[in-house]
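Peer 1: predicted model and sequence below, questions to follow.
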Amino acid sequence: MILAGGTSTFALINKYRCDLGDRSMPAEIDVVPRKGQPGLHGRVPKDADLGFCGRGDPGSVISVSPFERTAGRTFQDH
């Protein structure tokens, strides 16, 4: 998907809890869709639970849905 300037795209981010507690909380996030392609950069809302758990903790894995033109489409099966 190629975005024109000033447009939006949506994706769901799913993260499991940190079994031993968060080691740190991110303030910003970078998403790089493909190697060599420009990425997206944004701030992480303070109420988002995206804490870093540490190596080996199941909560260190984050899943990202495909990018869609509307928020509602991110909930559809792909």
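Peer 2: Cool, the structure landed. Residues are numbered from 1 along each chain as shown.
Peer 1: can you pull the pLDDT of the residue of the chain most remote from its centre?
Peer 2: The C-alpha centroid of the chain is most remote from residue 20, which lies 21.4 Å away (Cα atoms, centre = their mean). Turning to residue 20, the model gives it a pLDDT of 84.
Peer 1: and for residue 74?
Peer 2: pLDDT, residue 74: 90.
Peer 1: next, give phi and psi for it.
Peer 2: Main-chain torsions, residue 74, degrees, to the nearest 10: phi -70, psi -20.
Peer 1: got a list of what the residue farthest from the centre of the chain touches?
Peer 2: Each residue near residue 20 by Cβ atoms under 8 Å, 6 or more residues apart in numbering is listed here: 53, 54, 57. To be clear about C-beta, it is placed using only N, CA and C from the backbone, and glycine gets the same treatment.
Peer 1: can I assume it sits in a helix?
Peer 2: No - counting by DSSP: H, G, I helix; E, B strand; the rest coil, residue 20 is not found in a helix; it is coil.
Peer 1: from residue 64, how far out is it?
Peer 2: Counting by Cβ to Cβ, to the nearest Å, the gap between residue 20 and residue 64 amounts to 24 Å.
Peer 1: cool, and residue 21?
Peer 2: Distance, residue 21 to residue 64, using Cβ to Cβ: 23 Å.
Peer 1: how about residue 18?
Peer 2: From residue 18 to residue 64 the distance is 18 Å (Cβ to Cβ).
Peer 1: of the two, who's got more company?
Peer 2: The neighbour comparison of residue 18 against residue 64 (other Cβ atoms under 10 Å) goes to residue 18, with 17 against 14.
Peer 1: what's the closest non-adjacent residue to that one?
Peer 2: residue 53 (3.6 Å; Cβ to Cβ, 6 or more residues apart in numbering).
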